[in-house]
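[1] model the following, please.
(one chain, ligands or ions: 1)
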Amino acid sequence: MAKVRTRFAPSPTGYMHIGNLRTALYTYLIAKKHKGDFILRIEDTDRERFVEGATEVIYKTLRDCGLNWDEGPDVGGDYGPYIQSERMGMYKEYAEKLVETGDAYYCFCDKTADDDSEENKPSGAASLNRCGCRDCSLEDAKKRIADGAVPVIRQKIPTEGTTTFHDEIYGDITVDNADLDDQVLLKSDGMPTYNFANVVDDHTMGITHVVRGNEYLSSAPKYDLLYAAFGWQPPVYIHVEHIMKDAQHKLAKRDGDASFQDLITKGYMTEGILNYILLLGWAPKGEQEIFSLDEMIEAFDLDGISKSPAIFDGLKLKAINAQYVRALPLEKYMEYAEPYIRQTAKREGIDIKELCSVLQPRTEVFTDIPEQVDFIDVLPQYDLELYTSKKMKTNPETALVALGKILPVMESLDSFDHDTVHDALFKLIETEGVKNGYILWPLRIALCGKQVSPGGGVELAVILGKDETIARIKKGIELLEAAK
Ligand code: GLU
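    Numbers count the residues shown, from 1 in each chain. Take a look at the predicted model:
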């Protein structure tokens, strides 16, 4: 078997939709599974859609995800150029070859013929774009060109018979040729349409497998007719279903979850996103759900690719992301978490390591953090009823007693690390002969003013440091005194 060569062919729109990223991932996995090459080709021929800096977004996203390409615009390779706009010279020659063999023709109809977009499509028979030019002799056409007429080149689709193409996911698909339109291959300015360029590029770059969104499925028979006209072997097609927001709507840019960058901004980890989109349209054989990139290469197979649209499931994404967050070594977690901590907790001298060790098991996405740590800078005004806990057998009265005992213990400590604070408080619990909660619950409330906090009394004290801990205990005592 020839070496497998796959390509990811994004258009530089400045935005990496997760559907595109999924295409890139599957494309990469197929190449690597077969020890083949993964190629990056930038399809920038639609200049109207061109966005400055967009190619960098593609590079950065793929690199961050570890989807490194073997050939591409920046790394080179034997099949370049890898930017479509730099390949312009070659398409005209190929289109003219098809005119010579009778598989394409010059069309001199009006200017809108350049544009096969939906809005410009005439309806009925004319929608197939079959005009009188189809049957003009090549000689006549060449004469008109010599006289200054500027044609487009259209594909000459047979009007009878059927075309069957094979897709690895959908099997054999047969269409009536009479339903296929004579699409433009080369525009009047000599530029190829996407539908022509991708065929020429894939063949001349030796691409063996094409993974793309199934919006291209309906064009595939026309591509196959082009391959046949050139006498080329078509690639293996793998069309993947859309990613949907719900049963009716595709996940769109405006939904805010649609791009890789949107999800990073929302506090997801690259590895979590990649793992989630792997499963959005592909089902593993066993129970395993968490895959490193190497494990993905090992496990991925075409059988697992789904034929039905995948619905984006934010909860599932979160759950997968949480597994990645929790598996981080603490030091690494701290690197990720600190900028989010600092959004609301700007206070100097807090114990970030202690804070992270209690936050990590409570983090699904990093954007969970700022709200969890907002008590650090400002002790919220809290209801003294928070001191009441049936389970802990505490109430404002017992809390006042407990805080009164905790204060001198905290004041007496020379160092304020976790073990010292822990041991001092547990010694107090022991000498008082009380339950843990009798001491630790009031301390927690006094330190954070909330019922739910990252960590209990010991951790909160260590996080805040000695001075702030003492100040907040005193504040608690003062509030409880005043309410007596
Ligand atoms: N440039 C096309 C896109 O971004 C690529 C389609 C294909 O893979 O053939 O949709």
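
[2] then stretch 304-321 to CSV, C-alphas only?
    C-alpha atoms of stretch 304-321 as CSV (Å, rounded to 0.1, in the frame of the first residue of the first chain):
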residue,chain,number,x,y,z
GLY,A,304,-16.2,4.1,15.1
ILE,A,305,-17.1,7.2,13.1
SER,A,306,-20.7,8.1,13.5
LYS,A,307,-23.2,8.5,10.7
SER,A,308,-25.5,10.8,12.7
PRO,A,309,-24.9,14.3,13.8
ALA,A,310,-23.2,14.8,17.1
ILE,A,311,-24.9,17.2,19.6
PHE,A,312,-22.5,19.3,21.5
ASP,A,313,-22.8,18.4,25.2
GLY,A,314,-21.4,21.1,27.5
LEU,A,315,-21.8,18.9,30.6
LYS,A,316,-19.8,16.1,29.1
LEU,A,317,-17.1,18.5,27.9
LYS,A,318,-16.9,19.8,31.5
ALA,A,319,-16.7,16.3,33.0
ILE,A,320,-13.9,15.3,30.7
ASN,A,321,-12.1,18.6,31.2
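
[3] report the buried residues of that stretch.
    Taking 16 or more other C-beta atoms under 10 Å as the basis for neighbour counts, the residues of stretch 304-321 that come out buried are Ile305, Pro309, Ala310, Phe312, Leu317, Lys318, Ile320, Asn321. Glycine gets a C-beta too; all of them are placed from N, C-alpha and C.

[4] the fifth one is in what secondary structure piece?
    In this assignment (DSSP states H and E), Leu317 forms part of helix 314-326.

[5] from the contact counts, what lies against that helix?
    Using 3 or more C-beta pairs under 8 Å, 6 or more residues apart in numbering; DSSP states H and E as the contact criterion, the secondary-structure elements in contact with helix 314-326 are helix 270-279.

[6] if we can go back for a sec, show me what secondary structure element comes after the helix holding Leu317.
    Scanning onward from helix 314-326 (DSSP H and E), the first element met is helix 330-344.

[7] show me where the stretch 101-250 of the chain has its helices.
    Listed in chain order, the helices found in the stretch 101-250 of the chain under DSSP state H, counting those that start in this stretch are 138-146, 194-204, 220-230.

[8] what is the shortest one packed up against?
    Yep, that's helix 138-146 we're talking about. In terms of contacts (3+ C-beta pairs under 8 Å, 6+ apart), helix 138-146 is packed against helix 88-100, strand 104-107.

[9] relative to Ala337, which of the ones you listed is closest?
    When the helices and strands packed on helix 138-146 are compared by C-beta to C-beta, helix 88-100 sits nearest Ala337, at 48.4 Å.

[10] so which bits of the closest one are buried?
    Residues of helix 88-100 classed as buried under the neighbour-count rule (16+ other C-beta under 10 Å) are Tyr91, Tyr94, Ala95, Leu98, Val99.

[11] low-confidence regions, the protein specifically.
    47-49, 110-127 (pLDDT under 70).

[12] get me the contact residues on it for the ligand.
    Remark: the part of the chain in contact with the ligand comprises Ala9, Pro10, Ser11, Glu43, Asn198, Arg212, Tyr216, using C-beta under 6 Å from any ligand atom.

[13] which entries within these meet the buried criterion?
    For the residues of the chain next to the ligand, burial is judged from neighbour counts taken by 16+ other C-beta under 10 Å, and it is met by Ala9, Pro10, Ser11, Glu43, Asn198, Arg212.

[14] from the residues you listed, which land in strands?
    Residues of these located in strands (DSSP state E): Arg212.

[15] give me the distance between the nearest residue to Lys3 once chain neighbours are set aside and the ligand.
    In this structure, Lys3 finds its nearest non-sequential neighbour in Gly36, 5.4 Å apart by C-beta to C-beta, 6 or more residues apart in numbering. Counting by C-beta to the nearest ligand atom, to the nearest Å, the separation of Gly36 from the ligand is 17 Å.

[16] would you say Lys353 is within a strand?
    No. Using DSSP: H, G, I helix; E, B strand; the rest coil, the assignment for Lys353 is helix, not a strand.

[17] and the residue of the stretch 351-484 of the chain nearest the ligand?
    Of all residues in the stretch 351-484 of the chain, Val365 sits closest to the ligand, with a separation of 28.1 Å (C-beta to the nearest ligand atom).

[18] check contacts around the closest residue to that residue other than its chain neighbours.
    Once flanking residues are discounted, Val365 sits nearest to Gly267: 3.9 Å by C-beta to C-beta, 6+ apart. Contact partners of Gly267, counting by C-beta atoms under 8 Å, 6 or more residues apart in numbering, are Tyr340, Val365, Phe366, Thr367, Asp368, Ile369.
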